[in-house]
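Undergrad: Give me a model of this one.
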Amino acid sequence: MASTVVEEKRPWLKPLMRVTAIVLSLVVSFALVWVTFIFLPDASGLAIMGGLLIGLVSAFLFRSWWAVLVIPLAFTAGTFLAFYLIPLVISPNPLSINDVPFGVGLWEIIGPITAVIGALFGTFIDKKAREQRRQQ
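TA: Numbers count the residues shown, from 1 in each chain. This is a model prediction of the structure:
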């Protein structure tokens with residue numbers, strides 16, 4: 001009941017939170033790839049923790065089961081964008097793919113999977129919290 005009152009007073013808040021969740025997922029995945037491959041080349045566990053945390057936080061912002069689909073897609077898009085921009089920065093020949101560090105497959109597979117898991121947990125926790133607030 002309280003959430004419907006807030007949504008009636010501020011109808012712009014829900015779309016803003018969803019856009020914020022998508023942009024946050026894009027920017028954080030982009031930044032994680034850059035930090036991992038340029039500054040911390042041996043920290044591949046950052047993909048797992050980053051995916052889980054961004055999935056969890058973005059699901060709270062998105063507040064819908066659609067977060068399970070949308071957030072990993074945004075995470076993957078940010079990752080691919082970073083992968084295609086890394087050779088432009090670190091290679092004198094932008095057409096050379098040989099300079100992309102090993103571990104691209106790890107980010108392409110594990111990052112979105114952990115983002116899905118984080119989004120599932122975040123959405124489930126958010127739905128349960130809303131149900132408890134409605135019962136009070």
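Undergrad: Which residues does stretch 61-71 contact?
TA: 14, 17-18, 20-22, 24-25, 54-55, 58-59, 115-116, 118-120, 122-123, 126 (Cβ atoms under 8 Å, 6 or more residues apart in numbering). C-beta coordinates here come from the backbone N, C-alpha and C atoms, glycine included.
Undergrad: Could you check the pLDDT of the residue nearest the centre of the chain?
TA: The residue lying closest to the centre of the chain (Cα atoms, centre = their mean) is Ser25, at 3.1 Å. Looking at Ser25, its pLDDT reads 89.
Undergrad: Once you drop chain neighbours, what's closest to it?
TA: With sequence-adjacent residues excluded and distances taken as Cβ to Cβ, 6 or more residues apart in numbering, Ser25 is closest to Ala74, at 3.9 Å.
Undergrad: same thing with Val23?
TA: Ala74 (7.9 Å).
Undergrad: And for Thr79?
TA: Ser29 (4.9 Å).
Undergrad: Tell me which residues of stretch 25-33 come out buried.
TA: 25-26, 28-30, 32-33 (16 or more other Cβ atoms under 10 Å).
Undergrad: Quick one: low-confidence residue ranges for this protein.
TA: For the chain, applying pLDDT under 70 flags the ranges 1-8, 41-44, 89-107.
Undergrad: let's see 50
TA: Within the chain, the stretches with pLDDT under 50 are 1.
Undergrad: The helix ranked longest in it: how far from the chain's middle?
TA: The longest helix of the chain (DSSP state H) is helix 104-135. Distance of helix 104-135 from the chain centroid (Cα atoms, centre = their mean, to the nearest Å) equals 10 Å.
Undergrad: Output the contacting helices and strands for that helix.
TA: helix 2-9, helix 13-34, helix 45-62, helix 67-90 (3 or more Cβ pairs under 8 Å, 6 or more residues apart in numbering; DSSP states H and E).
Undergrad: Dump the ones you listed to TSV, plus distance to Ile110.
TA: Listed next are the helices and strands packed on helix 104-135 as TSV, based on distance: least, Cβ to Cβ, whole Å:
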stretch	distance to Ile110
helix 2-9	34
helix 13-34	12
helix 45-62	5
helix 67-90	11
